[in-house]
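In: Below are the sequence and a predicted model; questions follow.
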Amino acid sequence: MADFVASIDQGTTSTRAMIFNHAGEVMGRHQLEHQQILPQAGWVEHNPVEIWERTASVLTTALNSTGLGSIDLAALGITNQRETTLVWNKHTGRPYYNAIVWQDTRTDRIASALDRDGRGDVIRRKAGLPPATYFSGGKIQWILENIDGVRRDAENGEAVFGTTDSWLLWNLTGGVDGGVHVTDVTNASRTMLMNLETLDWDDELLGFFGVPRQMLPQIRPSSSPEPYGVTQLSGPVRGEVPLTGDLGDQQAAMVGQVCLEAGEAKNTYGTGNFLLLNTGEDLVRSKNGLLTTVCYQFADNKPVYALEGSIAVTGSAVQWLRDQLGIISGAAESEDLARQVPDSGGMYFVPAFSGLFAPYWRSDARGAIVGMSRFNTNAHLARATLEAICYQSREVVEAMEADSGVHLEVLKVDGGITANKLCMQIQADTLGVDVVKPVVAETTALGAAYAAGLAVGFWKDADDLRQNWLEDERWSSSITEQQRAEGFSGWKKAVQRTLDWVDVS
(Lines give C-alpha, C1' and ligand atoms only; values in the text may rest on other atoms or scores of the structure.)
Protein backbone atom coordinates (compact mmCIF):
# COMPACT_ATOMS: atom_id res chain seq x y z
CA MET A 1 0.00 0.00 0.00
CA ALA A 2 1.07 3.58 -0.61
CA ASP A 3 2.69 5.33 2.34
CA PHE A 4 0.67 8.56 2.54
CA VAL A 5 -2.83 10.03 2.55
CA ALA A 6 -3.61 13.53 1.27
CA SER A 7 -6.42 15.89 2.12
CA ILE A 8 -7.84 19.11 0.75
CA ASP A 9 -9.07 21.64 3.32
CA GLN A 10 -11.20 24.17 1.47
CA GLY A 11 -11.80 26.90 4.05
CA THR A 12 -13.47 30.28 4.23
CA THR A 13 -10.35 32.33 3.59
CA SER A 14 -7.98 29.83 1.99
CA THR A 15 -7.54 26.37 0.50
CA ARG A 16 -4.74 24.04 1.50
CA ALA A 17 -3.54 20.56 0.67
CA MET A 18 -1.78 18.44 3.27
CA ILE A 19 -0.03 15.08 3.12
CA PHE A 20 0.15 12.82 6.20
CA ASN A 21 2.00 9.63 7.03
CA HIS A 22 0.62 6.76 9.13
CA ALA A 23 1.65 8.49 12.38
CA GLY A 24 -0.49 11.50 11.43
CA GLU A 25 2.60 13.62 10.88
CA VAL A 26 2.56 16.38 8.26
CA MET A 27 4.84 15.45 5.38
CA GLY A 28 3.87 18.24 2.98
CA ARG A 29 1.53 21.17 2.61
CA HIS A 30 0.65 24.17 0.52
CA GLN A 31 -1.93 26.89 1.09
CA LEU A 32 -3.38 29.76 -0.94
CA GLU A 33 -5.86 32.47 0.05
CA HIS A 34 -8.80 33.44 -2.14
CA GLN A 35 -10.65 36.72 -2.49
CA GLN A 36 -13.38 37.76 -0.10
CA ILE A 37 -16.06 39.46 -2.22
CA LEU A 38 -18.27 41.91 -0.29
CA PRO A 39 -20.80 43.41 -2.75
CA GLN A 40 -22.81 45.19 -0.06
CA ALA A 41 -23.35 45.20 3.69
CA GLY A 42 -24.08 41.70 4.93
CA TRP A 43 -23.20 39.99 1.63
CA VAL A 44 -20.18 37.67 1.48
CA GLU A 45 -19.23 35.78 -1.68
CA HIS A 46 -16.42 33.70 -3.17
CA ASN A 47 -15.50 33.03 -6.78
CA PRO A 48 -16.07 29.27 -7.35
CA VAL A 49 -13.66 29.16 -10.30
CA GLU A 50 -10.92 30.74 -8.20
CA ILE A 51 -11.54 28.19 -5.44
CA TRP A 52 -11.25 25.29 -7.90
CA GLU A 53 -8.06 26.71 -9.44
CA ARG A 54 -6.55 27.21 -5.97
CA THR A 55 -7.47 23.63 -5.05
CA ALA A 56 -5.76 22.12 -8.09
CA SER A 57 -2.73 24.33 -7.48
CA VAL A 58 -2.22 23.56 -3.79
CA LEU A 59 -2.59 19.82 -4.34
CA THR A 60 -0.06 19.84 -7.16
CA THR A 61 2.40 22.05 -5.26
CA ALA A 62 2.15 20.00 -2.03
CA LEU A 63 3.03 16.86 -3.96
CA ASN A 64 5.80 18.51 -5.97
CA SER A 65 7.38 20.03 -2.86
CA THR A 66 7.66 16.61 -1.23
CA GLY A 67 8.73 14.76 -4.35
CA LEU A 68 5.63 12.60 -4.26
CA GLY A 69 3.14 11.56 -6.92
CA SER A 70 -0.21 9.85 -7.08
CA ILE A 71 1.39 6.43 -6.72
CA ASP A 72 2.41 7.41 -3.19
CA LEU A 73 -1.15 8.26 -2.09
CA ALA A 74 -3.46 5.60 -0.70
CA ALA A 75 -6.46 7.95 -0.76
CA LEU A 76 -7.58 11.59 -0.86
CA GLY A 77 -10.06 13.23 1.51
CA ILE A 78 -11.90 16.54 1.33
CA THR A 79 -13.08 18.86 4.05
CA ASN A 80 -14.77 22.18 3.42
CA GLN A 81 -16.41 25.34 4.63
CA ARG A 82 -19.97 24.22 5.28
CA GLU A 83 -23.23 25.89 4.18
CA THR A 84 -21.49 27.96 1.50
CA THR A 85 -23.74 27.54 -1.54
CA LEU A 86 -22.87 27.07 -5.22
CA VAL A 87 -25.10 26.46 -8.23
CA TRP A 88 -23.52 25.53 -11.54
CA ASN A 89 -24.44 24.15 -14.97
CA LYS A 90 -23.41 20.52 -15.18
CA HIS A 91 -23.06 20.69 -18.98
CA THR A 92 -20.82 23.78 -19.15
CA GLY A 93 -19.25 23.69 -15.68
CA ARG A 94 -19.95 27.40 -15.25
CA PRO A 95 -21.34 28.74 -11.97
CA TYR A 96 -24.51 30.80 -12.35
CA TYR A 97 -23.43 33.10 -9.53
CA ASN A 98 -20.66 33.50 -6.99
CA ALA A 99 -20.66 31.12 -4.04
CA ILE A 100 -22.81 32.62 -1.27
CA VAL A 101 -20.75 32.18 1.91
CA TRP A 102 -22.09 30.85 5.21
CA GLN A 103 -21.55 34.27 6.81
CA ASP A 104 -23.85 36.00 4.29
CA THR A 105 -27.06 37.53 5.73
CA ARG A 106 -29.03 38.41 2.57
CA THR A 107 -31.56 35.67 3.33
CA ASP A 108 -32.64 37.16 6.67
CA ARG A 109 -36.21 37.77 5.50
CA ILE A 110 -36.49 34.21 4.18
CA ALA A 111 -35.40 32.89 7.58
CA SER A 112 -37.73 35.21 9.49
CA ALA A 113 -40.74 34.21 7.35
CA LEU A 114 -40.11 30.53 8.10
CA ASP A 115 -40.33 31.16 11.83
CA ARG A 116 -43.41 33.37 11.61
CA ASP A 117 -45.66 30.80 9.92
CA GLY A 118 -44.61 27.68 11.83
CA ARG A 119 -42.41 26.07 9.19
CA GLY A 120 -39.44 26.79 11.43
CA ASP A 121 -40.65 24.24 13.97
CA VAL A 122 -40.78 21.56 11.25
CA ILE A 123 -37.22 22.43 10.20
CA ARG A 124 -36.03 22.18 13.80
CA ARG A 125 -37.68 18.79 14.23
CA LYS A 126 -36.59 17.25 10.93
CA ALA A 127 -33.25 18.95 10.22
CA GLY A 128 -32.12 19.83 13.76
CA LEU A 129 -31.50 23.44 12.75
CA PRO A 130 -33.22 26.76 13.42
CA PRO A 131 -34.22 28.81 10.36
CA ALA A 132 -31.21 31.08 9.93
CA THR A 133 -29.21 32.86 7.24
CA TYR A 134 -26.32 30.54 8.12
CA PHE A 135 -27.64 27.47 6.33
CA SER A 136 -27.79 26.57 2.64
CA GLY A 137 -31.53 26.20 1.99
CA GLY A 138 -32.31 29.92 1.98
CA LYS A 139 -29.25 30.64 -0.15
CA ILE A 140 -30.42 28.16 -2.82
CA GLN A 141 -33.86 29.77 -2.75
CA TRP A 142 -32.31 33.21 -3.21
CA ILE A 143 -30.32 32.08 -6.26
CA LEU A 144 -33.39 30.36 -7.76
CA GLU A 145 -35.47 33.51 -7.29
CA ASN A 146 -32.93 36.17 -8.26
CA ILE A 147 -30.64 34.81 -10.97
CA ASP A 148 -32.15 34.59 -14.45
CA GLY A 149 -32.55 31.12 -15.89
CA VAL A 150 -31.53 29.16 -12.81
CA ARG A 151 -34.97 27.86 -11.86
CA ARG A 152 -35.70 26.82 -15.44
CA ASP A 153 -32.36 25.01 -15.69
CA ALA A 154 -32.79 23.43 -12.25
CA GLU A 155 -36.17 22.01 -13.19
CA ASN A 156 -34.63 20.69 -16.44
CA GLY A 157 -31.83 18.98 -14.50
CA GLU A 158 -29.08 21.25 -15.83
CA ALA A 159 -28.46 23.50 -12.81
CA VAL A 160 -27.07 21.64 -9.79
CA PHE A 161 -26.38 22.69 -6.22
CA GLY A 162 -23.53 21.82 -3.93
CA THR A 163 -21.52 23.03 -0.99
CA THR A 164 -17.85 23.41 -1.80
CA ASP A 165 -17.12 19.71 -1.22
CA SER A 166 -19.56 18.82 -4.03
CA TRP A 167 -18.04 21.43 -6.33
CA LEU A 168 -14.53 20.11 -5.75
CA LEU A 169 -15.51 16.45 -6.01
CA TRP A 170 -17.30 17.17 -9.29
CA ASN A 171 -14.26 18.95 -10.73
CA LEU A 172 -11.71 16.48 -9.35
CA THR A 173 -13.55 13.54 -10.95
CA GLY A 174 -13.84 15.04 -14.42
CA GLY A 175 -16.30 17.93 -14.26
CA VAL A 176 -18.33 18.08 -17.47
CA ASP A 177 -16.69 14.80 -18.50
CA GLY A 178 -18.41 12.54 -16.00
CA GLY A 179 -17.79 14.36 -12.71
CA VAL A 180 -19.67 12.84 -9.76
CA HIS A 181 -22.34 14.93 -8.03
CA VAL A 182 -22.21 13.83 -4.39
CA THR A 183 -21.95 15.17 -0.85
CA ASP A 184 -21.73 13.51 2.55
CA VAL A 185 -24.15 13.33 5.46
CA THR A 186 -22.35 16.01 7.48
CA ASN A 187 -22.58 18.64 4.76
CA ALA A 188 -26.12 17.63 3.83
CA SER A 189 -27.16 18.04 7.47
CA ARG A 190 -26.30 21.78 7.22
CA THR A 191 -28.76 22.64 4.44
CA MET A 192 -32.13 22.60 6.28
CA LEU A 193 -33.14 20.12 3.57
CA MET A 194 -32.01 16.73 4.97
CA ASN A 195 -33.98 14.66 7.45
CA LEU A 196 -31.64 13.69 10.31
CA GLU A 197 -33.38 10.35 10.83
CA THR A 198 -33.59 9.14 7.22
CA LEU A 199 -30.33 10.79 6.07
CA ASP A 200 -32.10 11.73 2.84
CA TRP A 201 -33.47 14.89 1.27
CA ASP A 202 -36.94 15.59 2.68
CA ASP A 203 -39.72 16.51 0.25
CA GLU A 204 -41.54 18.70 2.79
CA LEU A 205 -38.38 20.67 3.54
CA LEU A 206 -37.59 21.00 -0.18
CA GLY A 207 -41.07 22.43 -0.65
CA PHE A 208 -40.47 25.10 1.99
CA PHE A 209 -37.63 26.52 -0.13
CA GLY A 210 -38.92 25.65 -3.60
CA VAL A 211 -35.84 23.53 -4.34
CA PRO A 212 -36.18 20.90 -7.11
CA ARG A 213 -34.88 17.55 -5.86
CA GLN A 214 -33.02 16.89 -9.13
CA MET A 215 -30.55 19.70 -8.47
CA LEU A 216 -29.29 18.10 -5.25
CA PRO A 217 -26.26 15.81 -4.89
CA GLN A 218 -26.42 12.18 -3.81
CA ILE A 219 -25.81 11.85 -0.05
CA ARG A 220 -23.00 9.43 0.85
CA PRO A 221 -21.22 8.39 4.08
CA SER A 222 -18.30 10.53 5.29
CA SER A 223 -15.86 7.66 4.80
CA SER A 224 -16.56 5.29 1.94
CA PRO A 225 -14.70 2.10 0.95
CA GLU A 226 -16.55 2.49 -2.35
CA PRO A 227 -14.86 5.69 -3.62
CA TYR A 228 -16.98 8.69 -4.57
CA GLY A 229 -14.76 8.74 -7.63
CA VAL A 230 -11.11 8.98 -8.64
CA THR A 231 -9.05 12.03 -9.52
CA GLN A 232 -8.96 12.99 -13.20
CA LEU A 233 -6.28 15.68 -13.09
CA SER A 234 -3.09 16.03 -15.09
CA GLY A 235 0.28 16.38 -13.39
CA PRO A 236 1.32 14.49 -10.26
CA VAL A 237 -2.21 13.30 -9.39
CA ARG A 238 -3.05 11.93 -12.84
CA GLY A 239 -2.81 8.40 -11.48
CA GLU A 240 -6.43 8.32 -10.34
CA VAL A 241 -6.23 8.61 -6.55
CA PRO A 242 -9.43 7.28 -4.90
CA LEU A 243 -11.57 9.93 -3.19
CA THR A 244 -12.87 8.18 -0.08
CA GLY A 245 -13.34 10.85 2.61
CA ASP A 246 -15.69 13.85 2.72
CA LEU A 247 -16.58 15.83 5.84
CA GLY A 248 -17.69 19.34 6.68
CA ASP A 249 -14.80 21.17 8.33
CA GLN A 250 -16.02 21.07 11.92
CA GLN A 251 -16.94 17.41 11.78
CA ALA A 252 -13.54 16.74 10.22
CA ALA A 253 -11.93 18.44 13.20
CA MET A 254 -13.87 16.11 15.52
CA VAL A 255 -12.37 13.13 13.69
CA GLY A 256 -8.93 14.76 13.64
CA GLN A 257 -9.13 15.31 17.41
CA VAL A 258 -10.29 11.67 17.73
CA CYS A 259 -13.47 12.76 19.53
CA LEU A 260 -15.10 9.48 18.51
CA GLU A 261 -16.79 8.59 21.81
CA ALA A 262 -19.98 10.09 23.22
CA GLY A 263 -19.17 12.95 25.61
CA GLU A 264 -15.95 14.04 23.88
CA ALA A 265 -15.79 17.65 22.67
CA LYS A 266 -13.54 20.02 20.74
CA ASN A 267 -13.49 23.69 19.81
CA THR A 268 -12.11 24.86 16.48
CA TYR A 269 -10.91 28.47 16.27
CA GLY A 270 -11.05 29.69 12.70
CA THR A 271 -12.97 32.40 10.91
CA GLY A 272 -15.68 31.51 13.40
CA ASN A 273 -15.65 29.18 16.40
CA PHE A 274 -17.33 25.80 16.33
CA LEU A 275 -17.69 23.71 19.46
CA LEU A 276 -19.01 20.17 18.99
CA LEU A 277 -19.97 17.47 21.49
CA ASN A 278 -20.23 13.86 20.35
CA THR A 279 -23.61 12.41 21.43
CA GLY A 280 -23.04 8.97 19.89
CA GLU A 281 -25.92 7.36 18.03
CA ASP A 282 -28.40 9.40 20.10
CA LEU A 283 -30.06 12.26 18.27
CA VAL A 284 -30.16 14.91 21.02
CA ARG A 285 -32.48 17.83 20.26
CA SER A 286 -31.29 21.10 21.76
CA LYS A 287 -33.45 23.22 24.04
CA ASN A 288 -30.72 25.83 24.54
CA GLY A 289 -29.92 27.27 21.13
CA LEU A 290 -27.54 24.62 19.81
CA LEU A 291 -27.68 22.65 16.57
CA THR A 292 -28.26 18.94 16.22
CA THR A 293 -26.06 17.72 13.41
CA VAL A 294 -24.46 14.59 11.97
CA CYS A 295 -20.96 14.19 13.39
CA TYR A 296 -19.86 11.53 10.89
CA GLN A 297 -20.85 8.26 9.28
CA PHE A 298 -18.18 5.69 8.49
CA ALA A 299 -19.05 3.22 5.72
CA ASP A 300 -22.36 1.46 6.42
CA ASN A 301 -22.27 2.04 10.17
CA LYS A 302 -25.00 3.99 11.91
CA PRO A 303 -24.46 7.76 11.90
CA VAL A 304 -22.91 9.41 14.94
CA TYR A 305 -24.55 12.69 15.94
CA ALA A 306 -23.32 15.83 17.70
CA LEU A 307 -24.53 18.97 19.39
CA GLU A 308 -22.87 22.04 17.93
CA GLY A 309 -22.48 25.63 18.99
CA SER A 310 -21.65 27.74 15.93
CA ILE A 311 -20.15 31.20 16.48
CA ALA A 312 -20.03 33.40 13.39
CA VAL A 313 -17.17 35.79 14.11
CA THR A 314 -14.00 35.01 16.05
CA GLY A 315 -10.85 34.84 13.91
CA SER A 316 -12.49 37.18 11.42
CA ALA A 317 -12.72 39.76 14.22
CA VAL A 318 -8.92 39.69 14.40
CA GLN A 319 -8.85 40.09 10.61
CA TRP A 320 -11.13 43.12 11.05
CA LEU A 321 -8.56 44.71 13.38
CA ARG A 322 -5.98 44.16 10.63
CA ASP A 323 -7.91 44.93 7.44
CA GLN A 324 -10.54 47.48 8.40
CA LEU A 325 -8.99 49.28 11.39
CA GLY A 326 -5.31 48.80 10.56
CA ILE A 327 -4.24 48.59 14.21
CA ILE A 328 -2.28 45.38 13.59
CA SER A 329 -0.34 44.22 10.54
CA GLY A 330 -0.94 40.50 11.07
CA ALA A 331 -2.87 38.10 13.26
CA ALA A 332 0.20 37.29 15.40
CA GLU A 333 0.51 40.97 16.33
CA SER A 334 -2.87 40.85 18.10
CA GLU A 335 -1.28 38.89 20.93
CA ASP A 336 1.64 41.29 21.32
CA LEU A 337 -0.71 44.28 21.34
CA ALA A 338 -3.14 42.69 23.81
CA ARG A 339 -0.30 41.79 26.18
CA GLN A 340 0.48 45.48 26.64
CA VAL A 341 -2.47 45.71 29.06
CA PRO A 342 -3.49 43.44 31.96
CA ASP A 343 -7.17 43.44 30.97
CA SER A 344 -9.58 45.14 28.58
CA GLY A 345 -10.06 48.17 30.82
CA GLY A 346 -13.82 47.64 31.07
CA MET A 347 -14.26 47.47 27.30
CA TYR A 348 -16.29 44.73 25.61
CA PHE A 349 -16.39 44.03 21.89
CA VAL A 350 -19.28 41.90 20.59
CA PRO A 351 -18.42 41.14 16.93
CA ALA A 352 -21.97 40.42 15.72
CA PHE A 353 -21.08 41.38 12.14
CA SER A 354 -23.41 38.70 10.73
CA GLY A 355 -25.88 38.69 13.60
CA LEU A 356 -25.43 36.31 16.50
CA PHE A 357 -25.30 32.54 16.03
CA ALA A 358 -25.44 30.07 18.94
CA PRO A 359 -27.01 30.24 21.41
CA TYR A 360 -28.99 33.35 20.40
CA TRP A 361 -29.73 32.97 16.66
CA ARG A 362 -30.48 36.68 16.27
CA SER A 363 -30.02 37.98 12.73
CA ASP A 364 -31.10 41.44 13.95
CA ALA A 365 -27.92 41.84 16.05
CA ARG A 366 -24.94 43.88 14.88
CA GLY A 367 -21.47 44.47 16.28
CA ALA A 368 -20.90 46.78 19.23
CA ILE A 369 -17.99 48.07 21.31
CA VAL A 370 -19.22 49.16 24.74
CA GLY A 371 -17.78 50.30 28.05
CA MET A 372 -15.26 52.69 26.52
CA SER A 373 -13.70 55.67 28.22
CA ARG A 374 -10.83 57.97 27.22
CA PHE A 375 -8.57 55.63 29.15
CA ASN A 376 -8.97 52.87 26.53
CA THR A 377 -6.40 52.28 23.80
CA ASN A 378 -6.01 50.05 20.80
CA ALA A 379 -4.35 47.52 23.14
CA HIS A 380 -7.57 47.30 25.16
CA LEU A 381 -9.52 46.73 21.94
CA ALA A 382 -7.14 43.96 20.92
CA ARG A 383 -7.57 42.28 24.29
CA ALA A 384 -11.36 42.73 24.17
CA THR A 385 -11.31 40.99 20.79
CA LEU A 386 -9.54 37.96 22.24
CA GLU A 387 -11.91 37.97 25.21
CA ALA A 388 -14.89 38.05 22.81
CA ILE A 389 -13.67 34.83 21.21
CA CYS A 390 -13.54 33.18 24.62
CA TYR A 391 -16.77 34.56 26.06
CA GLN A 392 -18.72 33.38 23.03
CA SER A 393 -17.27 29.91 23.51
CA ARG A 394 -18.27 29.92 27.19
CA GLU A 395 -21.88 30.67 26.24
CA VAL A 396 -21.87 27.65 23.96
CA VAL A 397 -20.28 25.42 26.62
CA GLU A 398 -22.99 26.36 29.12
CA ALA A 399 -25.74 25.59 26.59
CA MET A 400 -24.07 22.28 25.74
CA GLU A 401 -23.89 21.23 29.37
CA ALA A 402 -27.56 22.13 29.86
CA ASP A 403 -28.63 20.08 26.83
CA SER A 404 -26.46 17.02 27.40
CA GLY A 405 -25.98 16.89 31.16
CA VAL A 406 -22.27 16.35 30.45
CA HIS A 407 -19.91 18.59 32.43
CA LEU A 408 -16.88 19.56 30.40
CA GLU A 409 -13.69 18.46 32.15
CA VAL A 410 -11.22 19.47 29.44
CA LEU A 411 -11.56 21.26 26.11
CA LYS A 412 -9.56 20.06 23.10
CA VAL A 413 -8.76 22.98 20.81
CA ASP A 414 -7.47 23.43 17.29
CA GLY A 415 -7.35 26.01 14.52
CA GLY A 416 -5.27 29.05 13.75
CA ILE A 417 -6.03 31.09 16.87
CA THR A 418 -4.60 28.37 19.10
CA ALA A 419 -1.19 29.78 18.16
CA ASN A 420 -2.19 32.80 20.26
CA LYS A 421 -1.11 31.68 23.72
CA LEU A 422 -2.74 34.64 25.44
CA CYS A 423 -6.09 33.83 23.85
CA MET A 424 -5.86 30.21 25.00
CA GLN A 425 -5.02 31.35 28.54
CA ILE A 426 -8.04 33.68 28.48
CA GLN A 427 -10.14 30.72 27.29
CA ALA A 428 -9.03 28.59 30.24
CA ASP A 429 -9.71 31.52 32.59
CA THR A 430 -13.14 32.14 31.09
CA LEU A 431 -14.23 28.49 31.26
CA GLY A 432 -12.48 27.40 34.44
CA VAL A 433 -11.35 24.15 32.77
CA ASP A 434 -8.11 23.04 31.16
CA VAL A 435 -7.62 23.83 27.47
CA VAL A 436 -5.48 21.32 25.56
CA LYS A 437 -3.89 21.62 22.11
CA PRO A 438 -2.58 18.62 20.15
CA VAL A 439 0.80 18.42 18.43
CA VAL A 440 -0.89 18.47 15.02
CA ALA A 441 -3.10 21.57 15.20
CA GLU A 442 -4.39 21.19 11.63
CA THR A 443 -7.02 18.74 12.81
CA THR A 444 -9.53 19.66 10.11
CA ALA A 445 -7.23 18.49 7.33
CA LEU A 446 -6.10 15.54 9.45
CA GLY A 447 -9.71 14.45 10.03
CA ALA A 448 -10.40 14.39 6.30
CA ALA A 449 -7.26 12.31 5.82
CA TYR A 450 -8.33 9.94 8.61
CA ALA A 451 -11.77 9.48 7.02
CA ALA A 452 -10.20 8.73 3.63
CA GLY A 453 -7.51 6.46 5.08
CA LEU A 454 -9.90 4.42 7.24
CA ALA A 455 -11.96 3.67 4.14
CA VAL A 456 -9.03 1.96 2.40
CA GLY A 457 -7.46 0.33 5.45
CA PHE A 458 -4.51 2.75 5.70
CA TRP A 459 -5.57 3.16 9.35
CA LYS A 460 -7.22 0.10 10.82
CA ASP A 461 -9.61 1.55 13.40
CA ALA A 462 -10.19 4.28 16.00
CA ASP A 463 -7.47 2.87 18.28
CA ASP A 464 -5.02 3.34 15.43
CA LEU A 465 -5.99 7.04 15.34
CA ARG A 466 -5.87 7.51 19.11
CA GLN A 467 -2.24 6.44 19.17
CA ASN A 468 -1.47 9.43 16.92
CA TRP A 469 -3.02 12.03 19.25
CA LEU A 470 -0.31 13.75 21.33
CA GLU A 471 -0.68 16.71 23.67
CA ASP A 472 1.37 19.78 22.77
CA GLU A 473 0.27 22.50 25.21
CA ARG A 474 -2.13 22.85 28.14
CA TRP A 475 -3.53 25.96 29.78
CA SER A 476 -5.19 26.03 33.23
CA SER A 477 -7.28 28.79 34.79
CA SER A 478 -5.31 31.49 36.60
CA ILE A 479 -8.15 33.67 37.94
CA THR A 480 -10.67 33.39 40.77
CA GLU A 481 -14.26 32.28 40.37
CA GLN A 482 -15.39 35.81 41.32
CA GLN A 483 -13.25 37.37 38.58
CA ARG A 484 -14.63 34.85 36.11
CA ALA A 485 -18.23 35.61 37.08
CA GLU A 486 -17.79 39.40 36.98
CA GLY A 487 -16.19 39.32 33.55
CA PHE A 488 -18.91 37.08 32.12
CA SER A 489 -21.66 39.24 33.63
CA GLY A 490 -20.28 42.26 31.80
CA TRP A 491 -20.17 40.28 28.57
CA LYS A 492 -23.84 39.31 28.91
CA LYS A 493 -24.77 42.98 29.32
CA ALA A 494 -22.72 43.89 26.26
CA VAL A 495 -24.52 41.26 24.14
CA GLN A 496 -27.86 42.81 25.01
CA ARG A 497 -26.70 46.12 23.48
CA THR A 498 -26.33 44.44 20.06
CA LEU A 499 -29.90 43.17 19.74
CA ASP A 500 -32.80 44.67 17.72
CA TRP A 501 -30.41 46.73 15.61
CA VAL A 502 -31.61 45.59 12.17
CA ASP A 503 -35.24 45.26 11.14
CA VAL A 504 -35.69 41.78 9.61
CA SER A 505 -39.45 41.53 9.76
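Out: Sure, I can see it.
In: so what's the backbone phi/psi at residue 180?
Out: In terms of degrees, to the nearest 10, the main-chain angles of residue 180 are phi -80, psi 140.
In: That one against residue 173, yeah?
Out: Yes - using C-beta atoms under 8 Å, residue 180 is in contact with residue 173, at 4.8 Å. Where you see a C-beta, it was placed from the backbone N, CA and C, and this is true even at glycine.
In: Find residues that contact each of these two.
Out: 228, 229 (C-beta atoms under 8 Å, 6 or more residues apart in numbering).
In: ok, those two, which is more surrounded?
Out: Under the criterion of other C-beta atoms under 10 Å, the comparison of residue 180 against residue 173 puts residue 173 first, with 22 against 18.
In: if I look at the more buried one, how far off is residue 416?
Out: Using C-beta to C-beta, to the nearest Å, residue 173 is found at 30 Å from residue 416.
In: just for the stretch 201-350 of the chain, where's the confidence low?
Out: 233-239 (pLDDT under 70).
In: if we go to 80?
Out: 232-239, 331 (pLDDT under 80).
In: Which parts of it are helices?
Out: Ranges of helices within the stretch 201-350 of the chain are 203-209, 249-256, 315-320, 331-338, based on DSSP state H, counting those that start in this stretch.
In: So which of those is nearest residue 453?
Out: In terms of C-beta to C-beta, the element of the helices of the stretch 201-350 of the chain nearest to residue 453 is helix 249-256, at 10.6 Å.
In: Give me the residues contacting the closest one.
Out: With C-beta under 8 Å, 6+ apart as the criterion, helix 249-256 contacts 9, 11, 79-82, 186, 222, 247, 260, 266, 268, 270, 274, 276, 278, 293-296, 306, 308, 310, 414-415, 440, 442-448, 450-451, 465.
In: Helices along the stretch 351-500 of the chain, start to end?
Out: Under DSSP H, counting those that start in this stretch, the stretch 351-500 of the chain gives helices at 378-404, 421-431, 443-455, 462-466, 481-496.
In: of all these, which lies closest to residue 227?
Out: Of all the helices of the stretch 351-500 of the chain, helix 443-455 sits nearest to residue 227, with 7.8 Å by C-beta to C-beta.
In: now for the closest one, which elements pack on it?
Out: Secondary-structure packing of helix 443-455 (3 or more C-beta pairs under 8 Å, 6 or more residues apart in numbering; DSSP states H and E): strand 4-10, strand 14-20, strand 73-80, strand 242-248, helix 249-256, strand 265-269.
In: if we can go back for a sec, please identify the most buried of the helices of the stretch 201-350 of the chain.
Out: helix 249-256 (a mean of 31; mean count of other C-beta atoms under 10 Å).
In: Report the distance from it to the chain centre.
Out: Put simply, helix 249-256 sits 9 Å off its chain's centre (C-alpha atoms, centre = their mean, to the nearest Å).
In: ok, now stretch 280-297?
Out: On C-alpha atoms, centre = their mean, the centre of stretch 280-297 falls 16 Å from the chain's centre.
In: and it, which residues are buried?
Out: By neighbour count on 16 or more other C-beta atoms under 10 Å, the buried set for stretch 280-297 is 280, 284, 286, 288-297.
In: before we move on, what about stretch 391-411?
Out: 391-400, 403-404, 406, 408, 411.
In: tell me the mean pLDDT over it?
Out: Average pLDDT, stretch 391-411: 90.
In: what does stretch 32-42 give?
Out: Mean predicted confidence for stretch 32-42 is 92.
In: in it, what counts as buried?
Out: 32, 34, 36, 42.
In: Likewise for stretch 3-22?
Out: 4-20, 22.
In: Name the nearest residue to residue 141, sequence neighbours excluded.
Out: residue 209 (4.4 Å; C-beta to C-beta, 6 or more residues apart in numbering).
In: Next up, the contacts around the one you found.
Out: Applying C-beta under 8 Å, 6+ apart, the residues near residue 209 are 110, 137, 138, 140, 141, 192, 193.
In: Just send those back as CSV, with distance to residue 66 too.
Out: Below are these laid out as CSV (distance: C-beta to C-beta, whole Å):
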residue, distance to residue 66
110, 46
137, 40
138, 42
140, 39
141, 44
192, 40
193, 39
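In: can you redo those as JSON lines with neighbour count?
Out: Below are the contacts of residue 209 laid out as JSON lines (neighbours: other C-beta atoms under 10 Å):
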{"residue": "110", "neighbour count": "20"}
{"residue": "137", "neighbour count": "30"}
{"residue": "138", "neighbour count": "28"}
{"residue": "140", "neighbour count": "28"}
{"residue": "141", "neighbour count": "18"}
{"residue": "192", "neighbour count": "32"}
{"residue": "193", "neighbour count": "28"}
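In: Now go through these and say which are in helices.
Out: Counting by DSSP state H, these place 110, 137, 138, 140, 141 in helices.
In: what's the closest non-adjacent residue to the second one?
Out: Beyond its immediate neighbours in the sequence, the residue positioned closest to residue 137 (C-beta to C-beta, 6+ apart) is residue 192, lying 3.7 Å away.
In: is it true that the one you found touches residue 134?
Out: No - under the criterion of C-beta under 8 Å, residue 192 makes no contact with residue 134, lying 9.4 Å away.
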